[in-house]
Each structure stands twice: as structure tokens, then as C-alpha cells.
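1. Show me how the following folds:
(one chain, ligands or ions: 1)
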Amino acid sequence: MQSRAPRTESLPGMSTPTPMMVQYLALKAKAGECLLFYRMGDFFELFFDDARVAAATLDIALTSRGEHDGKPIPMCGVPVHSAEGYLARLIKAGHRVAIAEQTESPEQAKARGGSKALVARDIIRFVTAGTLTEDSLLDSWASNMLVALAPVGDTIGIAAADISTGHFELASVPTTALEAELARLAASEIVTHQGFTAAPFGAILRPREDFDSVGGEGALKAHFATDHFGLLSRAELAAAGGLIAYLAHVGQGKMPFLKLPVRREVQQFLLIDQATRDSLEITGANKGGRAGSLLAEVDRTITGAGARQLAADLAAPLMDRAAIEARLALVQWFHDAPLLRDAVRTALRQLPDIARALGRVVAGRGSPRDLGQIRDGLDGARMLRERLGAMADRPPLLEALLPTLDGHGTMVDLFTRALVASPPTEATQGGYIAEGYDAALDALRLAGRDGRQAIAQLEARYRASTGVSALKIRHNGVLGYFVEVPARNADALMAAGSGFTHRQTMAGAVRFNSPELHEEAIRITQAGGHALAAEAAHLEELISRALDRRDAIAASADALARIDVSAALAERAAEGNWCRPSFTDHPCLEIEGGRHPVVEAALAKSGDRFIANDCGLSPERRLWLVSGPNMGGKSTFLRQNALIVLLAQAGSYVPAAKARLGLVDRLFSRVGASDNLARGRSTFMVEMVETAAILAQATERSFVILDEVGRGTSTYDGLAIAWAVVEGIHETNKCRCLFATHYHELTRLADSLDAMSLHHVRAKEYKGDLVLLHELADGPADRSYGIAVAKLAGLPPQVIARAQTVLEKLEKGRAETGGLAAGLGDLPLFSAALNAAEAKVDALREKLAGLDIDTLSPRQALDLLYELKRAAGEE
Ligand code: ADP
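-> Got it, this is the predicted structure:
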């Protein structure tokens, strides 16, 4: 922490609160649960519990100042100039912060209320995870979503915005689909209204009246000054209302940038729930962070906006074949033209993040640098358009994007003339308006420069006249300009009539003023002040020009992002020898030479080769049971096919030699007994809850991968559950499914389930050692190889030998009794069992329907009731 400048305000130790404390407490009441950053001079101070929390989180000193109710007031503080870094850490730690600034200068306060008057302060902004726009607080490759939820009956309205780029979308979903939608959005912050009992954990609760559909419609119209929003549901309007009200609260009236809302039809997207996202490690790896995720392995984008778009694409693959094909056509175009692709990527590398620069400008925090970025980005966009527009055979998606890359010529020319080549982030020092843009400004600067020259001449003259060659004219923030000589030379200047007046004695140096210097200094300061004011006025004008064109600028940024994503996917495809997938109406999944991109990359690092495998699901063979030894590659095979589906529907090439599929509506991936204790439920419970969701939700168009279901419980239970789940999926869900299991017994199901087929990962024993081939073959595995895997893992030889003996005994027993699954072959099939149950219920129903109750005596009625009860009990 820094040492602090002396302060005029303090917290004296009195029991009645000081005026400052009164002001502080009022602001704190307004800040609610947020930490209050209270501006005092060059510091933001925190008091009471806020101070304790912040000091602990930020690891800064907790001090105390004054007293309140007879107790010392805990306090800590952060310097204003480095507040952003501290804010970032507090937000990351899950806090929200209210910023209370001085709303008048000390001079204004004095003029208003005398010398003791307290400077007025107010909360000017709330800083929350979902409403950040500062570059330093955001990841450039990830979007930052604020989500508002409005339940209306059985549907939930969702309004989601990334105010750093203006992205704004609305949707309404059934309550059951909320989880999957929230998983896709990966919200940084969720708001909903008080009293919503099913609010997600950690959601911020706002007043109910903010989430009102009529109010919401009004708020949309007022914000966008239009009423052309298309048809929005009541839930969507309510959510939009809640979102806009929250943004107005957070910005204290200053609204951030929002593009016109896009309405999302949830059915247009491949539904992926949170468990599947976690299991497939789509945008984040399970061990935390991005490394090791599909996104990290696929991402070759150049720009921050491109990276955000790719993350969004992978989080929400499409269900619309035409839209997918349109994306793929552009990827192919870049894929087939490597030179053009290189050129485009080189051009993109030069481009700044226009979307976020615009976000800051609209939020009222735009700097000269942001305008410079918008200028350079748009100029680059225009050149890119010229280049791409000259190419032949442009795919339709590119044709649609090209016009939005241009049209900013007048503004870009203006910014080029007005701004220096690389403008600073800080406007306060000036120097960002280019020379030649404004003659009056140039004159002021010249005056300043002349003044500085005059001072240099003055210095030379004083050196000559005093004979002190070490004399210097210097400048600092407190004294302004002054003459400085070493202490040993001070006498000459101290002498009366020397023309110098003493100002300050330092160790080793003495400082003086002179009338000529004073005059020059005033000239310089005035010219400088006027120049700064002139620059500020220009900045304001330039910002308003950018604001006028905000929607067009945002559209250019979006188009650049899409071009970046397409070229990047082409690059990735070329690098990994991926293929363009094709689609059919048939619910099939035909993959030749499929690979798992993340495992393949990991193997490549250690010089190992990935073995490609085929997959062939079709309506006749829609359930594959994959068995084989542990570590044989079952999970990898399952996941690679799920990832291929996901990539294909996101509009990407896929890691395979050939891929053809019917669109998938929902994708499910579950791993038996994954280590989920951290979530506070037993692993087996989690496994079953997740399996239940699949059985309830998978349709004939879904794709399910199930890995070792039933592993989390005892052998008998596990086998029984796995058995019933396979039957259920085959008979009821009828979806495409890959089911990996170590229960050898399940292979018997192939006899009764006609759309199920058996496969295994190959292994062989070579000179007593197990060799895992990672190769998929038809038919069941010949044995489980458990002991061979144990040997491979380095279990001691005596333990292996003992296990071998035990196994032989067990297998003998199995041969005699028919094994674990003895007798299972006679069980009626899942659907047959269901039908039988139905039939019995129906018999009862028939009987009841046939009754003429009015003709029965009380006695007969009672007898009948007994009879019905007995019949029901016989089921
Ligand atoms: P299982 O699910 O059968 O226990 P995994 O799929 O977890 O096996 O694979 C175990 C390891 O084998 C992986 O971490 C990977 O290193 C390797 N592996 C899996 N599939 C392949 C493959 N197709 N080619 C090469 N190595 C593979």
C-alpha cells in the first residue's frame, strides 16, 4: 500500500456520528450488499465489515480510524489510480462494489457551505461481474453475460446481455429447459425478482415490479426509441424489463450499449445440459481453465471477438441445416484457398477489438485510444472487404457479411484527421488530437511550446547572470516552475536585489522564483489549460459521431468475428486433416476414421499416434454396446463421436476422414460414478439423477453416450441398472446411443434387442503382457482383461498371481451356476413388462367402467371394493 496524502476530512472519535459518518452510512444503506468504495482524496476507503472483507480478500492492511458507537471503525483503502486491479480481485472473489465519488470539488463545497463543509458524494456506479466493460477486468476471449430471468407461469423469460459488446438476446423456455439454457449462457451474473422460489443459487434478487411485461415493453421502447421488436412473449418482455432496470440501477441511470434484441428460438439449437457440457469439457476443462477443453483445442481465432464468437458457437450448436451448411460453405471456401486464408488472418491480426472499444464508448468510459481502435478496426474492415470482394465464387454467408464491413468512410477519415496515430488511454493529459486538425489548438500548443523555449532561454540567461552553471529551471505539481541551485550556490540568489525570491530549502538545494519566470509560467499554464479544454471538446464531438453509428459499427465487428471464426476453423481443419461433415434427414451417425481432437493432441505431444475409429449408427443399429478392457479407449471413442456431432452442428469441419449424420436435437453424455463428491451428493446418486434425466428427455433424434453406467454401486445392483437402462433406451427413447460397459453380461441383450449391436476395443496379450490396441472391432470382448490391466499398472507379481488363482476359482463357479446373468435371458423385455403392467391396470379400469353404481346395495358396494382391492394386489 502507498503512503497517503494528508487529508482534510477525518473521523474524529466522538460518539455522535460525524457528518461524514452520517453521509457514509446513508451511502452504505444505498449500496446494500455491495462493498462501498468511498472516495476520499486519492483513495477509495472501505469501513466496518466492508473493510474487513476487502482487507482479507485483497490482502491489504486493515487499520482503524475514529470511533462509532464507542468502538474503533475498521478501515482499509486502495489508491484510486490502481483501483481497477483491486476491483478485479474483489469481483473475481464474488463481491459487488458500489463506487461513491465526490460529486463536487472541495472548492465548490466551501463555496456552498463554508470552510468546514463536507464534500457531497454519491454512488455513481455499481461494479458487478456481469456489468464490466473495462478491458483489464475482462477476458478478451470470453463473453461476459448478464442474465435476467422472469418466470411467467410454466415458462421462464430469459434476457441475456454482454454489455462489453452490446450483445442482447431474449428467449422463453419451459422451466425444465432453464438449466440447459443457463449452462449455455455461462452467466457471470444472474438477476431475477424477489419471491421467485426456483431462482438459481447466487442470483441477485431485485424488486418484483422491475420484472413486469408491460413495464418491460415500455423500457424496451424507451431505450431503443422504436417498437419494432417483432413478436415477444410476455415472459421475454418481463425479463427484458428486469434486465434494463438492473442495468439502469448498476449504471445509476447511465445505460450501457445494447444492440436491438435478437430473439432466440430455443428449438433452433442443439440442447446440451450442464452435466453433458462438463463431461465433454466443451468450453472449459474439468480441472478448471480452458486448457484441455474442446474449445482450446479447436480455437485458432486471431481476434478477441472471434474467440468469443467461436466459444458461443460451440456452446450453442445449431439445429438448422441451412444455417449450418452456410457456415460450412464459408469454412470450406477458406479451407480450399490457403493463401487467401493466410492473407485474411494476417490482416485480422492487425485489428483491435472494435466491439469492446465501442462498448466502453457507449458506457461513457471511452478513451481516445478506444476511438483510435474503432478507427483502425473499421479501416481494416474496409480493406478486408475490398480484398474479399475481389475474389470469385464467394459463398452466400460472405456475400451477406461484406456490405456490413464498409460504409464508415466519412467517420474513419474524420478520426484519421482528428486523432494522433496511437492515442493514449488517458484523456486528462491531452496530446491525442492530431496536429493540423484545429488551427486554434495548434496555436495554443505553439504558445505552450514557445513558453517552454522561453524558459530554456531564461535558464541560460540566469546561469550567465548568476555564474551558477548548475542552475536549473524545473517544474513540479506543487510549486509549478521554479529556479533551483545547489545549496552551496544559494547565497548569490538569496541576496536582496538579486531578482529572486526564496521558495523552498531542500537538503542540498534551494528553490527560488522570479517575476519573469512567473510570467512565462502563467502563459504556459494558460495555453496548456486552453489546449486541454479544446482537445476535450473535440473528443466529445468525436465520441458523439461514434455513438451515432453504433449499430453499424457493431455490425462490422460481428462480421469480422464471423470471418475470423470461419478462417480459423478452416485453419484448424487443414492442420488436422479434418473433413466437412454432410447431413441427411435420416437419424444416422456414420463416421469413418473418427478421432478425439484433445486426446490426439495430447498423444502427439509425447510422439504417440491416435488410432482412428469408425462409428456407424443407423435406425437399424442405433445402439452400440462397447466393451473391452479398462484403458482400452472406450470413453475416448464415445466422446469423440459426441464431439464430432457438436462440431458439425456448430458449422465446423470434424476430426474424421468422412462424416455423415442426421441432425441431433439433444446431446447427452454421462460417465458412471464420476468423482462429483464436491457437489455434495454421493457419486452414485449423481449418476442416477443424470441417467434419469436422459431417460426422461432423449428423443428419437437425440444422441446419447453412456460410459460405465452402474459402476457406482454393487455388482448386482449395477448390472441390473445398466441392463434396464440399455433396454429403456432401446425400447422407449429409441435414440442413437453408444453405451460403454465392463459388464460382460450385458452382451446377452443383443439377442433380444434387434437395433443393438456389440463392439469392443481390441487388446491382445503379447509374451504375457497386455497390449491395448485402441482399435474398435465388431462383436463382444472375449474377456475382461482386468488382471492384465492391473499388471500393466504395476501391481506386484505375487498379488497378480494370487488374483489369477482367485479368478480361476470364480470362473469355475460361474461356469457351474450360469454366472451373474443366469436366467436373465428369460426376462420379458422392458416394453413387454411395461405393457403387461398396463394390461392389468386396464382390466381394473374395465371393471370399474362397467359398474352401474346406482343399482348396488351398500353391502354389494363394499364387497365389490374388497374384490377390486384384491385384484389390484395381485399385480
Ligand atoms: P477406457 O474408457 O476404455 O477405460 P479411455 O478411453 O479412457 O479407456 O482411454 C485410455 C487411454 O488410452 C487414453 O487416455 C488415451 O491415452 C489412450 N487412447 C484411447 N483411445 C485411443 C486411440 N484411439 N488411439 C490411441 N490412444 C488411445
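
2. got a list of what residue 357 touches?
-> 366, 369, 370, 371, 373, 374, 377 (CB atoms under 8 Å, 6 or more residues apart in numbering). For the C-beta atoms, the positions are set from N, CA and C on the backbone; glycine is no exception.

3. Could you pull up phi and psi at residue 736?
-> phi -70, psi 130 (degrees, to the nearest 10).

4. Residue numbering should commence at 54 henceforth.
-> Okay, residue one is now 54; in that scheme the one you just asked about reads as residue 789.

5. hang on, the earlier thing: which of the contacts of residue 410 sits closest to residue 531?
-> Nearest to residue 531, judged by CB to CB, of the contacts of residue 410 is residue 422 at 29.3 Å.

6. before we move on, back to that, closest one to residue 334 out of the contacts of residue 410, please.
-> Using CB to CB, the contacts of residue 410 come closest to residue 334 at residue 430, 32.5 Å.

7. ok, the closest one - contacts?
-> If you count contacts by CB under 8 Å, 6+ apart, residue 430 has them with 404, 405, 406, 407, 410, 609, 610, 613.

8. Burial check on the closest residue in space to it that isn't next to it in sequence, number of neighbours?
-> Setting aside the residues directly before and after it, residue 430 is nearest to residue 407 in space (CB to CB, 6 or more residues apart in numbering), at 3.7 Å. Residue 407 has 28 neighbours, counted by other CB atoms under 10 Å.

9. One more: residue 908?
-> Residue 908, neighbours per other CB under 10 Å, totals 7.

10. What pLDDT is listed against it?
-> At residue 908 the predicted local confidence, pLDDT, stands at 80.

11. What of the one 10 residues further on?
-> Turning to residue 918, the model gives it a pLDDT of 86.

12. do the same with residue 129
-> For residue 129, pLDDT reads 94.

13. show me the residues around it that make contact.
-> Residue 129 makes contacts with 98, 99, 104, 107, 108, 111, 113, 114, 115, 116, as judged by CB under 8 Å, 6+ apart.

14. Point out the other helices and strands that the one helix or strand the first one maps to packs with.
-> So the one you mean is residue 98. Assigned by DSSP states H and E, residue 98 belongs to strand 96-100. Other helices and strands packing on strand 96-100, by 3 or more CB pairs under 8 Å, 6 or more residues apart in numbering; DSSP states H and E, are strand 88-93, helix 101-111, strand 124-132.

15. Mean neighbour count, these: which tops it?
-> strand 88-93 (a mean of 23; mean count of other CB atoms under 10 Å).

16. low pLDDT regions in this protein?
-> Applying pLDDT under 70 to the chain picks out residues 54-68, 725-735, 765-767, 837, 870-894, 927-928.

17. What helices and strands are in contact with the helix ranked longest in it?
-> Criterion DSSP state H: the longest helix present in the chain is helix 568-601. Here helix 568-601 touches helix 407-415, helix 421-442, helix 462-471, helix 492-519, strand 533-539, going by 3+ CB pairs under 8 Å, 6+ apart.

18. coming back round to it: of all the contacts of residue 430, which comes closest to residue 905?
-> Nearest member of those to residue 905, counting by CB to CB, is residue 610, at 75.6 Å.

19. In this structure that closest one contacts residue 358, no?
-> Yes: under the criterion of CB atoms under 8 Å, residue 610 makes contact with residue 358 at 5.8 Å.

20. what sits in contact with each of those two?
-> Here residue 610 and residue 358 have 218, 407, 408 as joint contacts, going by CB under 8 Å, 6+ apart.

21. Quick check: residue 757 is in a strand.
-> Yes: counting by DSSP: H, G, I helix; E, B strand; the rest coil, residue 757 is located in a strand.

22. burial of it, as a residue count?
-> 26.

23. Show the contacting residues for it.
-> Contacts of residue 757 (CB under 8 Å, 6+ apart): 720, 721, 722, 723, 747, 751, 782, 786, 788, 789, 790, 791.

24. State the distance from it to the ligand.
-> Distance, residue 757 to the ligand, using CB to the nearest ligand atom, to the nearest Å: 16 Å.

25. Beta-bridge partners for that residue, please?
-> residue 721, residue 790 (DSSP bridges).

26. Most neighbours among the contacts of residue 757, which one is it?
-> Of the contacts of residue 757, with other CB under 10 Å as the count, residue 789 tops at 30 neighbours.

27. mind checking how far that residue is from residue 673?
-> Plainly put, residue 789 is 12 Å away from residue 673 if you go by CB to CB, to the nearest Å.
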